[in-house]
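Trainee: no sequence for this one, just the structure:
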């Protein structure tokens, strides 16, 4: 009978030791899973930040495109106005009839165009110099 109790104690001890080892393995796995969950949460936060940055960039680009389209429409309207002036007037005939008047207007207009080109070039140059590389 004594041997029977010793055998039961040994079996119960072996089962307890096996269960303890299994518990340790499960706890280690649980720690790994918690670490993975933390890494995934961090990755999700990084992705959310990247998506938000992309949205903001897209909105800025959309606004810039809209501004450029408005500026282009204004330039097109100005071009159409000038072309209309040339369509309505026969400059050859007017130049022959009043050469001094046409010469002064052409020269002042050319000077204005060159001045505008110079100012635009300066503006573009300062924009390019202020942009980060």
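Mentor: Nice, I can see it. Computed from a prediction, not measured in an experiment: that's the story for all the values here.

Trainee: any idea which residue sits dead centre in the chain?
Mentor: By C-alpha atoms, centre = their mean, the chain has its centre lying nearest to residue 57, at 3.0 Å.

Trainee: can you list contacts of the helix or strand bottoming out on mean pLDDT in the chain?
Mentor: Within the chain, no helix or strand scores below helix 91-97, which has a mean of 80 by mean pLDDT, DSSP states H and E. Identification of contacts with helix 91-97 by C-beta atoms under 8 Å, 6 or more residues apart in numbering yields 101, 102, 103. In short, each C-beta sits where N, CA and C put it, glycine included.

Trainee: out of those, which sit inside strands?
Mentor: Among these, no member is found in strands (DSSP state E).

Trainee: which one of those sits in the busiest neighbourhood?
Mentor: The residue in those with the most neighbours, by other C-beta atoms under 10 Å, is residue 102 (16 neighbours).

Trainee: residue 93 versus that one, what's the distance?
Mentor: 10 Å (C-beta to C-beta, to the nearest Å).

Trainee: cool, residue 101 as well?
Mentor: 13 Å.

Trainee: with residue 124 instead?
Mentor: From residue 124 to residue 93 the distance is 39 Å (C-beta to C-beta).

Trainee: and the helix ranked longest in the chain, average pLDDT?
Mentor: Ranked by residue count and defined by DSSP state H, the top helix of the chain is helix 2-88. When pLDDT is averaged over helix 2-88, the result is 91.

Trainee: name the helices or strands packed onto it?
Mentor: In terms of contacts (3 or more C-beta pairs under 8 Å, 6 or more residues apart in numbering; DSSP states H and E), helix 2-88 is packed against no helix or strand at all.

Trainee: ok now that helix, how far from the chain's centre?
Mentor: Remark: helix 2-88 is offset 18 Å from the chain centroid, using C-alpha atoms, centre = their mean, to the nearest Å.
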